[in-house]
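[1] Sequence plus predicted model, see below.
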Amino acid sequence: MDDCRRISRRVVLASAAFSFGAAAAATVVSRTAAQQKLSQGDAKYQTAPKGDQRCGGCANFQAPNGCKFVQGDISPNGRCQLFVGKS
C-alpha cells in the first residue's frame, strides 16, 4: 500500500478520542454558560416599563414571570437593559 494512503489505527483512534473530548467539553461549557443568569441589578432591571419597553413584550421573557437572562421573578410590566422586542 502507498505510504500516503496508509493510516494507522492509532492515528484514527487518537483523532476520534480528541474529537469526542472536544465536543463533550464544548457541551459542558455551553450548558454552564446557559445556566448562569445576570442578577437583576447587573441587568438594571426595573419594575416599571419605559415607553414600549416592558418584559411582557420582550423576546427573552418566559411567562409567567421569568427571563432567559435575568435571575429571579420578573414582572411582565418590568424592563431591563437587555430588552429585545418580539418580532
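    Received the coordinates, thanks.

[2] How is this structure partitioned into domains?
    Domains of the chain are assigned by automatic domain parsing as 1-36, 37-87.

[3] Compute the first-to-last residue distance for the longest one.
    One end of domain 37-87 to the other measures 23 Å (CA to CA, to the nearest Å).

[4] Need the nearest residue in space to Gln46, chain neighbours excluded.
    Spatial nearest neighbour of Gln46, excluding adjacent residues (CB to CB, 6 or more residues apart in numbering): Arg79 at 5.5 Å. To be clear about C-beta, it is placed using only N, CA and C from the backbone, and glycine gets the same treatment.

[5] for Gly66, that is, sorry about that
    Ile74 (5.8 Å).

[6] Just to check, that neighbour is in contact with Asn65?
    Yes: checked against CB atoms under 8 Å, the pair Ile74 and Asn65 is within contact range at 5.5 Å.
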